[in-house]
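Engineer: coords please:
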Amino acid sequence: MAASLANWSGNIVFGAPQHSSPASLPDLQSTVAHSTKVRALGSRHSFSDIADTTGVLVRLDDMPSVFEIDTAAATVKVSANMRYAELAQRLHAQGWAVHNLASLPHISIAGACATATHGSGVGNRNLATSVSALELVTAEGDLVTLSRDEDGDQFQGAVVGLGALGVVVSITLDLVPAFEMAQNVYQNLPFAALDDHYSEIVSSAYSVSLFTDWRGPLINQVWVKRRVDSSAPAIDGDWFGARPATVALNPVPGVSGENCTEQFGVPGPWHERLPHFRSEFTPSAGEELQSEYFVPREHAVAAVHALSGIADRIAPVLQISEFRTIAADTLWMSPAYQQDVSAFHFTWIKDVPAVTPVLGLIEDRLEPYSVKPHWGKLFTTPPAVLRARFERLADFQALVRQYDPTGKFTNDFLARTVFADS
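Structural biologist: Down below sits the predicted model:
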C-alpha cells in the first residue's frame, strides 16, 4: 500500500493504492500498459478528486526534462510536469513569452491545460489555447502525438482532456515575443460602478482582476495589469471611484503583500507581473478551498447582482472572491467554448461541511446564466446539468472511448461528472 498523499490544500487524500515515479519514457509506457487503472498527478493544486485513481498514481518528476524552442515556428516543447514559473523564467531569458499566466505560477503546465485554467483579460483566452501539440502515453502504452495542424477538431477535444485520454508527457506551446508590464492596484471600487462601466473596467488593460469579500458595497481591490508598449494610457489618480493603493497589497484582507508581484506601476518582465504571486514564494500554506464558476460575459453584471443576494451566506466562509474575464475558445471541454465568459472565483476557509451548502446556493443563483464550474475546483453541479452545459460532451465521451476503450484513465470523478448516465 502506498503512503498517503494529499493535494496542496489537504482536503483530498489520494486513495490510490500504488504510486509510480518512472525515470524514463519506456518505464512510463510499461507502467501504463501493465496497469488496470492509471492517473497522472501534477502539482496537486486541484481541489476536486479529479487526479485520484483506484490504481496507479503516476508522477513524472523523475522523467527527463524537455525544453526545446523552435524559433522559426515560435513554439516551445516542454515536459508536461514543468511548472509555469520555470517555463516563464527560461522563456524570458531567451526573449520569449506565453500570452498569459494564471494568478499562481507554481502550477504544472499539463494540469493547468487539462482543466482549462486561465488568467484574465478580454482578449486573453485560457492557458490551454496556447497548446499546439501533445505527446501522451495511451492505454496500451503507445506514445501518441496529437497536433492542431494534423488532428483538427479532434485535437480541440483532447487539449482540455481532464486526464482521460492518457498520460501527457510533453506539450508544445505557442510563443510571443517577451514584453514588459506594469501593475497598479486600486481600492474600494463601488459595486454600483459595474452597472454602468463593467465593459470599460474589464477591458481597460491587458489583465484586470476584481476582488471582493462580499461584506459591503465595495470591490475591495482591482488589480490592473497593462503592457508597457500598449497604446492605452496609464491611469492617474482615482479610477471609476476607486483610489490608488498606497501600500503593497495581498488580495486576501489582512495578509501581507510581500509575496505578491510588484505594484505601483513599476515596469517589469511579463512573468513578474501577470501572476498575482511571486514565483519564489508560496502564497499560503494551503489553508483554503477553492471554487470557480463561469457565465457568458454578457450576463456578468446580472450574475454579480444575483450573488449579492446571498452575500450574507458567502461572506462568513470566504477568504476572498475574484472576478475575471476570459475570451472564447474552441476547446470542447473549456467553460469558454465558443463564448466570452466572466469567471467568479471563491477562495474559501478550509471547512468542507460549511462551504458545501454555499456552493449549492451559488449554483442555484447562477443557474439562469448557464453557469459552468472549473473542473479542478469544488462544485456540486449535478451530472445532468453538466451534460447540458458542455455542448461537446458526447463528442468528448466518444473521443475518450477511442483512446481508452476500457476506461483505464477514468476515475470516480470522471465517472461521476463526465460519464454519468452516458
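Engineer: ok, what's across the strand from residue 134?
Structural biologist: residue 146, residue 171 (DSSP bridges).
Engineer: what pLDDT does it get?
Structural biologist: Per-residue pLDDT puts residue 134 at 97.
Engineer: Same question for residue 172.
Structural biologist: 98.
Engineer: so how many other residues sit close to the nearest residue to it once chain neighbours are set aside?
Structural biologist: Nearest in space to residue 172, with sequence neighbours left out and distances taken as CB to CB, 6 or more residues apart in numbering, is residue 133 at 3.8 Å. Every residue, glycine included, has its C-beta placed from N, CA and C. As a burial measure, residue 133 scores 19 neighbours (other CB atoms under 10 Å).
Engineer: Begin at 47, not 1, for the rest of this chat.
Structural biologist: Got it, the first residue is 47 from now on, which makes the last one we talked about residue 179.
Engineer: Was I right to think residue 179 contacts residue 190?
Structural biologist: No: contact criterion CB atoms under 8 Å: residue 179 and residue 190 do not qualify, at 11.0 Å.
Engineer: picking up where we left off before, and the residue nearest to residue 218, how far is that from residue 284?
Structural biologist: Distance, residue 179 to residue 284, using CB to CB, to the nearest Å: 47 Å.
Engineer: Three-state assignment for residue 240, please.
Structural biologist: helix (DSSP: H, G, I helix; E, B strand; the rest coil).
Engineer: Counting neighbours, which bits of the helix ranked longest in the chain end up buried?
Structural biologist: In the chain, taking DSSP state H as the definition, the longest helix is helix 398-412. In terms of neighbour count (16 or more other CB atoms under 10 Å), helix 398-412 has its buried residues at 401, 402, 404, 405, 408, 409, 411, 412.
Engineer: How about residues contacting it?
Structural biologist: Residues from elsewhere that reach helix 398-412 (CB atoms under 8 Å, 6 or more residues apart in numbering): 57, 335, 337, 339, 341, 349, 352-353, 355-356, 359-360, 362-363, 390, 392, 394-395, 417, 419, 424-427.
Engineer: if you look at those, which of them are in strands?
Structural biologist: The members of the contacts of helix 398-412 that map onto strands under DSSP state E are 335, 337, 339, 341, 390, 392, 394, 419.
Engineer: all strands of the stretch 197-346 of the chain, in order?
Structural biologist: Taking DSSP state E, counting those that start in this stretch as the test, the strands found in the stretch 197-346 of the chain are 213-220, 222-223, 226-236, 253-258, 264-273, 289-290, 314-315, 335-342.
Engineer: for those strands, which one sits closest to residue 155?
Structural biologist: Among the strands of the stretch 197-346 of the chain, strand 213-220 comes nearest to residue 155, with 5.6 Å by CB to CB.
Engineer: Geometric centre of the chain: which residue is closest?
Structural biologist: residue 163 (1.9 Å; CA atoms, centre = their mean).
Engineer: Let me see the contact set for that residue.
Structural biologist: 148, 153, 157, 172, 173, 174, 420, 422 are the contacts of residue 163 under CB under 8 Å, 6+ apart.
Engineer: and those as TSV, adding secondary structure?
Structural biologist: Formatted as TSV, these follow (three-state DSSP):
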residue	secondary structure
148	coil
153	coil
157	helix
172	coil
173	helix
174	helix
420	coil
422	coil
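Engineer: Going by distance to residue 372, which of these wins?
Structural biologist: So of the contacts of residue 163, ranked by how close each gets to residue 372 (CB to CB), first place is residue 172, at 5.7 Å.
Engineer: Let me know whether that closest one touches residue 375 as I believe.
Structural biologist: Yes: proximity of residue 172 to residue 375 meets the contact threshold set by CB under 8 Å, at 6.2 Å.
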